[in-house]
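>>> sequence first, then the predicted structure:
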Amino acid sequence: MTVTIVGTQFGDEGKGGMVDVWSGTADVVVRYQGGDNAGHTVVHDDAAADGGTVSASATDSSIQTSTEYALSLVPSGAVRGKTGVLGNGCVVNPETLFAEIDALRDRGLDPDVRVAERAHVILPYHRVLDGSEEEAKGELAVGTTGNGIGPAYEDKAARRGVRIGDLLDPAVLRERLEYVVPHKRALADVHGVETGAAFAVEELYEQYRRYGERLAEDGMTVDAGAFLADRLDAGEKLMLEGAQGTHLDIDHGTYPYVTSSNPTAGGATTGSGLGPGVVGEGEIVGIAKAYLSRVGTGPLPTELGFVEGQTPAGGGDPDAGELADDIREAGGEYGTVTGRPRRIGWLDLPQLRHAARVNGLTGITLNHVDTLAGLDTVRAAHSYELDGAERSTVPAATERWAACEPQYREFEGWSEADWAAIAAEGYDALPANARTYVEYVSEAIDVPVYAVGVGPDRARTVIVEDPFEG
Ligand code: GDP
Ligand code: IMO
Ligand code: MG
């Protein structure tokens, strides 16, 4: 069977952590879209591996020693020794992939990563053009990660991309580069950027041919759909790990302030080569934060405070800056990839209803319930008011979305607690007010709760249902 993990908000909901929690019984973990714009954190309390960080807080039941991994391309199941597959829907920067694999090896892991021959390659000119396009957009900039994601998907759609399989055949690689590089040089010219080695066919050919050799030597390339179908036929369990989130989806998100792929569950089928029936008969678990965070520009109707350079003009709530700072600090809300401070807002139910429908969610995890501890009042936007009418889901036009006035429900807060002990004991041990909040969310979107996150650590997850057991 398959379990698909999708982000329900703007990314960074804690998908990597939940993949880690539930991949214990999985055999293969598949990334189906995105690239090294993702940053997925896995924290667990195995002090044996190198690079561990020690953290202790007064409310812990014991002093916790934890090991943290921040993964961009390697699927999060690598931490548990699971085979990882980068599906055809991914855009792969071989340089960052190999650097990540090598760094994990240095820390004592032995990641088994396979890459779809049909996945597209991010080349150095994609990164340069990502930056110059953002600069050219000025006020309309998306605030991308700068990793060449959009330009690589653009080339894929324009049928001039280089695929992983092309790296294995030097003649094909040369032919592709000779066609595409002049396009890229012309575009660089339009943007007024220097073209150096990043736009030189010969240099690119030599470097990427070598990446192809390493992929072949390490036996890393696969026909992903066929590979995964064989594993399913053998009775294995597959986990599909989405990157980004529903509202960053190029079709279903806040276009144009989105990424260039489909993080939603439909992407799990087109991006892996598994049929829609296969993914659809499995579980699809949405991951949400108990509040909102967003990196980059675009609307965020429930935004608290504002972040210079990211919050659009007229957005945010300057009076709530202190509250936003408190939540940002408590939740460690700084980008895993870029280090940028994340924008903070109250939970938005219209957004979650949209995510529940678009993805066909069978369950939800509400993370960061511990982060809100200590607040007197917790708020959630139950609906919006737009043009004098109430609406319970998001408008399709992004500018209309930005004009929505959140209609809040208020909840009594909960106090700091011994979260490790609560997670060990189970759902009923959660503070009563936290349970009221979690149950409100579940009822408002009509999706059952599968887990509640009460800390970054694997062991600080209150598990209600294991989707592989359901
Ligand atoms: P992803 O991109 O969806 O995998 O999420 P990120 O790893 O980018 O961001 C989530 C951050 O929150 C990471 O630092 C996690 O360790 C942390 N985290 C995840 N769940 C929880 C939770 O329930 N409580 C707290 N305090 N931190 C969490
Ligand atoms: P994970 O998988 C949060 C955001 C960027 C920008 C927009 C487009 O860790 O949840 P891109 O580089 O993809 O063209 O940027 O999408 N973004 C993310 N925000 N989490 C992510 O991934 C993101 N990946 C991209 O900040 O606003
Ligand atoms: Mg992330």
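Nice, I can see it. Ligands and ions are numbered 1, 2, ... in the order given.
>>> list the contacts of N147.
N147 sits next to G35, D36, N37, N93, T96, I122, R127, D130, V337 when contact means CB atoms under 8 Å, 6 or more residues apart in numbering. C-betas here are computed from N, CA, C, even on glycine.
>>> ok, so of these, who is nearest R160?
For the contacts of N147, the closest approach to R160 (CB to CB) belongs to I122, at 13.9 Å.
>>> that closest one: neighbouring residues, count only.
I122 has 28 neighbours, counted by other CB atoms under 10 Å.
>>> which residues touch E405?
E405 touches P301, Y384, E385, L386, counting by CB under 8 Å, 6+ apart.
>>> pull out the buried residues from these.
Neighbour-count burial within the contacts of E405 applies to P301, Y384, L386; the criterion is 16 or more other CB atoms under 10 Å.
>>> distance check, the first one against ligand 1.
Using CB to the nearest ligand atom, to the nearest Å, we find P301 at a distance of 21 Å from ligand 1.
>>> can you give me the pLDDT of the residue in the chain positioned nearest to ligand 1?
With CB to the nearest ligand atom as the measure, G453 is the residue of the chain nearest to ligand 1, at 2.4 Å. Reading off the per-residue confidence, G453 sits at a pLDDT of 98.
>>> for it, list the residues it contacts.
Contacts of G453 were listed using CB under 8 Å, 6+ apart, and they are G14, G17, M18, T365, L366, N367, H368, V369, D370, R460, T461, V462.
>>> can I get these in CSV including neighbour count and distance to ligand 2?
Formatted as CSV, the entries for the contacts of G453 read as follows, by neighbours: other CB atoms under 10 Å; distance: CB to the nearest ligand atom, whole Å:
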residue, neighbour count, distance to ligand 2
G14, 24, 9
G17, 26, 11
M18, 28, 12
T365, 29, 14
L366, 27, 16
N367, 26, 12
H368, 24, 14
V369, 26, 19
D370, 24, 20
R460, 25, 19
T461, 23, 18
V462, 25, 22
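>>> redo those as CSV? Include secondary structure and pLDDT.
Below are these laid out as CSV (DSSP: H, G, I helix; E, B strand; the rest coil; pLDDT from 0 to 100):
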residue, secondary structure, pLDDT
G14, coil, 97
G17, helix, 97
M18, helix, 98
T365, strand, 98
L366, strand, 98
N367, strand, 98
H368, coil, 98
V369, coil, 98
D370, coil, 98
R460, coil, 97
T461, strand, 97
V462, strand, 98
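>>> how many residues are close by the residue lying closest to P467 once chain neighbours are set aside?
Counting by CB to CB, 6 or more residues apart in numbering, E283 is the residue found nearest to P467 once chain neighbours are left out, at 3.9 Å. Here the number of neighbours of E283 (other CB under 10 Å) works out to 22.
>>> how about E283: which residues does it bridge to?
V3 (DSSP bridges).
>>> could you check how far it is from V447?
Noted for E283: a distance of 11 Å to V447, by CB to CB, to the nearest Å.
>>> what does the stretch 351-470 of the chain have sitting close to ligand 1?
N367, H368, D370, T371, G453, V454, G455, P456 (CB under 6 Å from any ligand atom).
>>> which strands and helices sit next to the longest helix seen in the chain?
Of all segments of type helix in the chain, defined using DSSP state H, the longest is helix 170-191. With contacts taken as 3 or more CB pairs under 8 Å, 6 or more residues apart in numbering; DSSP states H and E, helix 170-191 sits against helix 124-137, helix 201-217.
>>> and that helix, what's buried?
Under the neighbour-count criterion of 16+ other CB under 10 Å, helix 170-191 has L173, R174, R176, L177, V180, V181, K184, L187, A188 buried.
>>> from the residues you listed, pick the one nearest D317.
Within those, proximity to D317 (CB to CB) peaks at L187, which comes in at 39.3 Å.
>>> right, and that closest one touches H126 too?
No: the pair formed by L187 and H126 falls short of the contact definition of CB atoms under 8 Å, at 10.7 Å.
>>> quick one, helices of the protein?
With DSSP H as the criterion, the chain has helices spanning 15-22, 94-106, 124-137, 149-157, 170-191, 201-217, 224-233, 265-270, 276-280, 321-331, 349-359, 398-402, 419-425, 432-445.
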